[in-house]
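1. Predicted model follows, preceded by the sequence.
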Amino acid sequence: MTISTRTTATFIAVLSAIAMFGVAAQTQQSQYPKQTQLPNSYRLVEGWPTLPKSMNGGQWGELIRADIDSKGNIWVFHRCFNTVPAGAATCVGRSEPPILEFDPSGKLLTSFGREMFAFPHGFTVDAQGNVWASDANANETVLGISARNSNGVTRGHQIFKLSPAGKVLMTLGKAGIAGNGPDTFDQPSGIAIAPNGDIFVTDGHGKNDRVVKFSKDGRFIKTWGHHGAGPGEFDQPHDISISGSQGRVFVADRSNSRVQIFDQDGNFIAAWKQFGRPSAVFVGKDDTLYVSDSQSNSTVNPGYTRGITVGSAKDGSLRAFIPDPDLDQADVNRISGASGIVADDKGTIYAADVGPHRLRKYVKVK
């Protein structure tokens, strides 16, 4: 065999291997049932929680995130009962507290954060009960109102760590200043705290499309990712979760319609598309993976249905599907259901809805 012939044969073999890999990947992806073929093994709890009439007449506006503390209380990050601009409601010009704490019965316990945030977005509660919240605002004015706080500083591009009583313990980022350095963000979208206290931020509503990692005291450690569709690249990383037996990092890579999985050093492990177009992701201690798709419709990520998909964080297998409450409006509304989800140890799910303007509670049906 001549060198030319040998080279040609090698090239053909490589092409064949690539083709076989593509077929295998398609086969692997197609093995998952459609979401609508999955059972809905959850029941909606009506009339939960109890929102005091003194707060906006007891009516929600846009909600963005929810989490559960070690005592079992449910924390909610919402947009000050506002509904405009639709899908991106602002707290600018509002005096209502965007952070609320409820007990499991739905009774309001605590509220704080007045006039701290312009555009509430990322949110989590750490093992010590501290509350972490991001302001993804990028505008000097919203609805014709200045986004400056009482000190004359434009709100936005920051992460706040607060005590359970609302005292500011730490800030990351520079107020009103967008950037892609070790101490700046461009509209940070999600926050997760590792068991050792390391802080992970999806810097995903602006142009950075990255994950930023800090030590528990706020020291910059590293960043990974940039705009793109390849492994480890992002297009609007919208939410992040760290939990489960393997301690992996799960990122809702929304505009790439996939969940990406990494180790805590940022090494790529897998990308799963069977969960739709994820706005929110949460991993339970028992390795149950909850992913909320609030955007898919006939033109955006066609073939997938809006709602909450429940599966395995270990192998990506699917178990259940809760349809979005406004499926009949999927082709009309730009965004509908949960942009924030969390589940307790019993598998009870709490969903913070942007479009339907409510906090949903689902319990497992035995």
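-> In hand now; what should we look at?
2. quick one: the strands in the stretch 1-150 of the chain?
-> 42-44, 63-68, 74-78, 99-102, 108-112, 120-125, 131-135, 141-142, 145-146 (DSSP state E, counting those that start in this stretch).
3. Contact partners for residue 178?
-> 138, 157, 184, 185, 186, 187, 206 (Cβ atoms under 8 Å, 6 or more residues apart in numbering). Heads up, the C-betas are built off the backbone N, CA and C, glycines and all.
4. Surely the fifth one is in contact with residue 208?
-> Spelled out, it's residue 186. Yes. Judged on Cβ atoms under 8 Å, residue 186 makes contact with residue 208 at a distance of 4.6 Å.
5. Pull up the overlap in contacts between these two.
-> residue 180.
6. what about the two, which has more around it?
-> The neighbour comparison of residue 186 against residue 208 (other Cβ atoms under 10 Å) goes to residue 208, with 26 against 22.
7. Which helix or which strand is home to that one?
-> Assigned by DSSP states H and E, residue 208 belongs to neither a helix nor a strand.
8. Residue 166: how many residues sit nearby?
-> Residue 166 is flanked by 16 other residues according to other Cβ under 10 Å.
9. Who are the contact partners of it?
-> 99, 110, 112, 113, 131.
10. now with 10 Å?
-> 97, 99, 101, 110, 111, 112, 113, 114, 116, 131 (Cβ atoms under 10 Å, 6 or more residues apart in numbering).
11. Which of these are buried, as a ChimeraX select command?
-> Filtering these down to the buried ones (16 or more other Cβ atoms under 10 Å) takes a single ChimeraX command:
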select :97,99,101,111,112,113,116,131
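12. In CSV, list the contacts of residue 166 along with distance to residue 31.
-> Formatted as CSV, the contacts of residue 166 follow (distance: Cβ to Cβ, whole Å):
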residue, distance to residue 31
97, 46
99, 42
101, 42
110, 46
111, 46
112, 47
113, 45
114, 50
116, 46
131, 40
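13. quick one: which of the contacts of residue 178 is nearest residue 305?
-> The closest of these to residue 305 turns out to be residue 187 (Cβ to Cβ; 27.9 Å).
14. what's the pLDDT at the closest one?
-> We have a pLDDT of 98 for residue 187.
15. same question, residue 326
-> Residue 326 carries a pLDDT value of 89.
16. Find the residue closest to it in space, skipping its chain neighbours.
-> Spatial nearest neighbour of residue 326, excluding adjacent residues (Cβ to Cβ, 6 or more residues apart in numbering): residue 336 at 4.8 Å.
17. Over to residue 85?
-> residue 143 (7.2 Å).
18. Now do the same contact list for the one you found.
-> By Cβ under 10 Å, 6+ apart, the neighbours of residue 143 are 82, 84, 85, 89, 90, 92, 93.
19. Now do the helices in this structure.
-> Taking DSSP state H to define them, one finds helices in the chain at 3-30.
20. in it, what spans have low per-residue confidence?
-> Across the chain, the ranges flagged by pLDDT under 70 are 1-30.
21. What are the structural domain limits within it?
-> If you go by automatic domain parsing, the domain ranges for the chain are 1-31, 37-364.
22. Tell me which of those sits most buried.
-> For those, the largest average neighbour count (mean count of other Cβ atoms under 10 Å) is found in domain 37-364, namely a mean of 19.
23. how long is that one end to end?
-> 18 Å (Cα to Cα, to the nearest Å).
24. how far is that domain from where the chain is centred?
-> Distance of domain 37-364 from its chain centroid, counting by Cα atoms, centre = their mean, to the nearest Å, is 4 Å.
25. re the thing from before, would you check that the residue nearest to residue 326 makes contact with residue 308?
-> No. Contact criterion Cβ atoms under 10 Å: residue 336 and residue 308 do not qualify, at 11.9 Å.
26. which neighbours do the two share?
-> 293, 294, 324.
27. Reformat the residues you listed as CSV; add distance to residue 278.
-> Shown next, in CSV, are the shared contacts of residue 336 and residue 308 (distance: Cβ to Cβ, whole Å):
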residue, distance to residue 278
293, 6
294, 9
324, 13
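28. Contact partners for the nearest residue to residue 121 once chain neighbours are set aside?
-> Closest residue to residue 121 in three dimensions, ignoring its sequence neighbours and counting by Cβ to Cβ, 6+ apart: residue 136, at 3.9 Å. Residue 136 makes contact with 64, 88, 117-122, 156-158, 185-190, 203-206 under the criterion Cβ under 10 Å, 6+ apart.
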